[in-house]
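> kindly return the folded structure for what I paste below:
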Amino acid sequence: MPKEGMRSIFFYSNMTSSPSPSSSPSPSSSSTPRHSFSQTMIEANILNAEEIITKWDPDSSSYTKITSLFYVKRREAKEFLRSVRELQRSMHSLASENSNSHKLAQAQKLMQIAMKRLEKEFYQILSANRDHLDPESVSGLSSTTTRSSTSDYDEDLGSEDKIEIAGDSIREVERVSSFAMSDLRLIAECMISSGYGTECFRIYKIIRKSIVDEGLHRLGFERLSYHKLQKLNWETIELKIKNWLNLSKIAVKTLLSGERILCDHVFSTSDMIKESCFSEISKEAAIDLFAFAESIAKMKKSPEKMFRILDLYESIAELWPEIESIFSYESTSAVRSQAITALTKLGDAVRSMLSNFESAIQKDSSKSPIPGGGIHPLTRYVMNYVSFLGDYSLILSYIFADLRFQVPIPLPESLSIKSSPSRENPLSMISVRFSWLILVLICKLDGKAELYKEVGLSYLFLVNNLQYIVSKVSNSNLKPLLGEDWISKHYTKLHQYAANYERTAWMKVIKSLPDNPTVEISPEAAKEIFQNFNSAFEDTYLIQSSWIVSEGKMRDEIKVSVSGKIVPVYRAFYLKYRILLKEEKNLEVLVRFSPEELGNYLSDLFSGNGVSGSVTSSPAHSPVYRRR
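Numbering: from 1, shown residues only. The predicted model follows:
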């Protein structure tokens with residue numbers, strides 16, 4: 001208590017209740033009411049409160065109207081709050097003794113002036129510190145402050161000086177933020193305990209709600225209804241989704257989280273007020289934030305939208321712990337419900353899209369063979385799509401966790417589909433779906449291979465497309481999902497297709513050569529063999545000169561394999577019988593290819609470049625083989 005206050009108490013006490021030793025009490029003095037010690041304290045508290053409260057009456061002068069008590073006179077501000085608390089206690093005591101006391105009326109008038117001052121201070125602190133009252137973003141604000149404050153002269157500073165200045169700037173922002181939060185809390189405690197919590201709540205809600213709304217706007221969030229979204233094209237919507245994915249993390253982890261922390265700090269003495277205040281400030285904005293994701297989920301479910309839907313689902317799922325924590329109040333349960341609804345709708349959309357994607361594969365009705373037996377557009381589309389889905393395998397496992405997948409038809413073991421995935425391993429559930437989608441594609445490709453007239457080309461088509469499929473699995477996140485066993489079995493199938501190609505496409509050439517090229521035969525028989533080989537090779541080569549093997553390693557393997565079945569046998573026969581036939585007229589026509597030339601022709605195959613080398617004769621067309 002100030003010395004003046006102490007002096008007034010003792011002075012008042014000596015004058016009224018302590019007679020001098022030399023005097024004796026008069027009869028009249030015994031009938032006069034004597035002040036109790038508590039009454040004296042009450043009067044002193046009112047006098048002290050009156051002095052400081054009237055000094056800072058916002059209506060008393062232009063100075064008090066524009067000046068902040070907490071900014072200019074921090075120590076006096078604390079004395080102001082202490083006096084208000086003492087005044088409040090005095091008012092309680094007066095009310096219990098005599099509710100009609102003029103002292104009580106005086107105290108009530110002082111309390112109204114004090115609350116008006118505190119309302120003004122509360123508003124000024126909130127307004128002046130809009131950028132410093134988010135505890136979660138202090139470091140981000142500090143870096144901005146540091147850059148702007150040092151940009152004019154930091155070129156002349158060493159790195160240690162820059163770090164020191166940056167540190168000072170951060171500490172300054174933290175100091176301002178700390179003072180502002182502390183002052184707001186002290187004022188709120190005082191106003192609430194004095195029965196003015198409603199006024200405090202009103203001011204705080206108006207200012208902080210505008211900050212939350214403005215923060216979302218600055219982040220680029222637009223409140224778009226489902227009907228407005230329907231009018232936009234997908235490219236525009238996709239840009240808005242990308243923006244939402246970035247801003248939602250900042251909105252939840254910084255803006256809304258910081259608002260909850262600040263609100264809990266300022267109104268720590270009243271659970272009811274801090275809950276109501278945070279709910280009023282943030283609930284509407286947060287509901288709108290997650291309603292956007294729900295609106296996207298309601299749109300037309302075409303497969304190309306799948307990945308953005310998964311991005312939205314993944315973002316909300318990752319934010320869920322923060323959402324649940326920040327909006328834990330019962331009054332903000334609508335925010336949690338909106339986030340869950342958005343997740344549910346997004347999950348439903350993903351399931352529907354995946355079903356539509358499978359149907360689209362099965363319904364593909366293209367009938368035009370791919371030139372040269374190359375990779376079919378359907379293969380590229382499906383495998384690129386599925387390999388991208390592999391990046392979302394964990395999210396997909398959650399979405400399909402409660403939907404057990406059974407392979408629709410009995411399949412041979414060689415196709416590597418696990419029909420009974422483990423519930424203990426959610427990823428095994430989605431790996432079965434991926435296996436099934438790829439199998440649907442392979443079956444579709446098998447049907448498209450029948451479109452080729454040359455059976456060898458149909459097998460080469462299957463080689464190219466299965467090679468692409470296995471390569472995509474091996475070089476993406478599908479590999480750990482489908483496993484080495486899946487890859488191994490499909491590589492085996494791939495080499496079977498390659499072997500079938502060689503057997504059917506080069507059968508005529510291989511059969512034109514003798515089983516034993518060094519066995520003794522007549523010159524006439526040798527001439528016939530050369531003639532048959534020339535015709536078979538020219539026929540086969542010219543047909544296959546536009547055929548393709550897309551993957552380099554597989555191309556080399558097939559070349560080596562085909563060459564190994566033909567060139568060694570031909571070389572042995574050539575070396576033995578070309579000398580015997582050297583006297584023949586038109587030997588160059590009879591023996592058209594040297595072993596080296598033959599190897600060169602074979603090495604030029606499978607690039608899809610058409611006829612190369614010097615094969616000039618018109619080949620007879622090969623018979624049409626049917627696949628077995």
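> wait, what's in contact with the residue nearest the centre of the chain?
Centroid-nearest residue in the chain, with Cα atoms, centre = their mean: S315, separated by 4.1 Å. Counting by Cβ atoms under 8 Å, 6 or more residues apart in numbering, S315 touches L245, S248, K249. Heads up, the C-betas are built off the backbone N, CA and C, glycines and all.
> also T518?
A572, F573, K576.
> mean confidence score for the helix or strand harbouring the second one?
I take that to be F573. Element membership of F573 [criterion: DSSP states H and E] is helix 552-580. Average pLDDT, helix 552-580: 92.
> who are the packing partners of it?
Applying 3 or more Cβ pairs under 8 Å, 6 or more residues apart in numbering; DSSP states H and E, one finds that helix 552-580 contacts helix 455-474, helix 478-505, helix 507-511, helix 523-544, helix 595-603.
> save those as CSV, and put in mean pLDDT and mean neighbour count too.
Below are the helices and strands packed on helix 552-580 laid out as CSV (pLDDT from 0 to 100; neighbours: other Cβ atoms under 10 Å):
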stretch, mean pLDDT, mean neighbour count
helix 455-474, 96, 24
helix 478-505, 94, 18
helix 507-511, 94, 17
helix 523-544, 92, 18
helix 595-603, 93, 16
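> from K345, how far off is L439?
Per Cβ to Cβ, to the nearest Å, L439 is found 30 Å from K345.
> those two: who's more crowded?
Neighbour count, other Cβ atoms under 10 Å: between L439 and K345, K345 has more, with 19 against 16.
> surely the more buried one touches F292?
No: between K345 and F292 there is no contact under Cβ atoms under 8 Å: 11.6 Å.
> before we move on, the earlier item: buried residues, the helix holding F573. List them.
Within helix 552-580, the residues that qualify as buried are 554-555, 558-559, 561-563, 565-567, 569-574, 577-578, counting by 16 or more other Cβ atoms under 10 Å.
> as a markdown table, the contacts of T518 with distance to K283 would be great.
What follows is these, written out as a markdown table (distance: Cβ to Cβ, whole Å):
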| residue | distance to K283 |
| --- | --- |
| A572 | 88 |
| F573 | 89 |
| K576 | 94 |
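> from those, which is closest to I46?
Set against I46, the nearest of the contacts of T518 by Cβ to Cβ is A572 (125.5 Å).
> picking up where we left off before, for the helices and strands packed on helix 552-580, which one sits closest to E199?
helix 478-505 (60.4 Å).
> now the angle from that closest one to helix 552-580?
If you take axes from the mean of the first three to the mean of the last three Cα atoms, to 10 degrees, helix 478-505 sits at 20 degrees to helix 552-580.
> give the other helices and strands that helix 478-505 contacts.
helix 377-390, helix 426-449, helix 455-474, helix 552-580.
> after the first one, next one along is what?
For helix 377-390, the succeeding helix or strand toward the C-terminus, using DSSP H and E, is helix 393-399.
> likewise the longest one?
Following the chain from helix 552-580 toward its C-terminal end, the next helix or strand by DSSP H and E is helix 587-590.
> mean confidence for that following helix?
For helix 587-590, the per-residue pLDDT averages 76.
> one more: stretch 73-82?
For stretch 73-82, mean pLDDT is 87.
> just the buried residues of stretch 303-323, please?
For stretch 303-323, burial by neighbour count (16+ other Cβ under 10 Å) applies to 303, 305-317, 319, 323.
> and the furthest pair within the residues you listed?
Pairwise distances across the buried residues of stretch 303-323 (Cβ to Cβ) peak at 29.0 Å, for the pair P303 and I323.
> model confidence for the closest residue to W320 other than its chain neighbours, exactly?
Distances taken as Cβ to Cβ, 6 or more residues apart in numbering place A339 nearest to W320, at 6.8 Å, with adjacent residues excluded. Note on A339: pLDDT of 97.
> same thing with the one 5 residues further on?
As summarised for this prediction, T344 has a pLDDT of 95.
> same question for E174.
So, for E174, pLDDT stands at 59.
> tell me which element the closest residue to I326 other than its chain neighbours falls in.
With sequence-adjacent residues excluded and distances taken as Cβ to Cβ, 6+ apart, I326 is closest to R260, at 4.9 Å. Here R260, judged by DSSP H and E, is contained in helix 257-266.
> any idea how far G552 is from S471?
Using Cβ to Cβ, S471 is found at 11 Å from G552.
> quick one, helices of the stretch 251-400 of the chain?
For the stretch 251-400 of the chain, applying DSSP state H, counting those that start in this stretch gives helices covering 257-266, 271-297, 306-326, 333-363, 377-390, 393-399.
> can you list the neighbours in contact with stretch 116-132?
Contacts of stretch 116-132 (Cβ under 8 Å, 6+ apart): 53, 56-59, 68-71, 77, 80, 84, 133, 138, 141, 173, 176-177, 180, 183-184, 187-188, 190-191, 196, 199-200, 203-204, 207-208, 211.
> could you export it as PDB, CA atoms only?
C-alpha atoms of stretch 116-132 as PDB (Å, rounded to 0.1, in the frame of the first residue of the first chain):
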ATOM      1  CA  LYS A 116     -13.900   1.700 -19.400                       C
ATOM      2  CA  ARG A 117     -10.100   2.300 -19.200                       C
ATOM      3  CA  LEU A 118      -9.300  -1.400 -19.300                       C
ATOM      4  CA  GLU A 119     -11.600  -1.900 -22.300                       C
ATOM      5  CA  LYS A 120      -9.700   0.800 -24.100                       C
ATOM      6  CA  GLU A 121      -6.300  -0.700 -23.100                       C
ATOM      7  CA  PHE A 122      -7.500  -4.200 -24.100                       C
ATOM      8  CA  TYR A 123      -8.500  -2.900 -27.500                       C
ATOM      9  CA  GLN A 124      -5.300  -0.900 -28.000                       C
ATOM     10  CA  ILE A 125      -3.100  -3.800 -27.200                       C
ATOM     11  CA  LEU A 126      -5.000  -6.200 -29.500                       C
ATOM     12  CA  SER A 127      -5.000  -3.700 -32.300                       C
ATOM     13  CA  ALA A 128      -1.300  -2.600 -32.000                       C
ATOM     14  CA  ASN A 129       0.000  -6.100 -31.800                       C
ATOM     15  CA  ARG A 130      -1.900  -7.800 -34.600                       C
ATOM     16  CA  ASP A 131       1.300  -9.200 -36.100                       C
ATOM     17  CA  HIS A 132       2.900 -10.300 -32.800                       C
END
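> avg pLDDT for that stretch?
Mean predicted lDDT for stretch 116-132 stands at 88.
> distance from the chain centre to it, please.
The chain centre lies 37 Å from the centre of stretch 116-132; the measure is Cα atoms, centre = their mean, to the nearest Å.
> and that stretch, what's buried?
Buried residues in stretch 116-132, defined by neighbour count with 16+ other Cβ under 10 Å: 116-126, 129, 132.
> select, from these, the two members most distant in space.
So, those by Cβ to Cβ: farthest apart are K116 and H132, at 25.3 Å.
> pLDDT at E160, what is it?
43.
> could you give the separation of stretch 225-242 from the chain centroid?
Its chain's C-alpha centre and that of stretch 225-242 lie 18 Å apart, by Cα atoms, centre = their mean.
> swap that for stretch 274-283, please
27 Å.
> then stretch 300-309?
Worked out by Cα atoms, centre = their mean, stretch 300-309 lies 16 Å from the chain centre.
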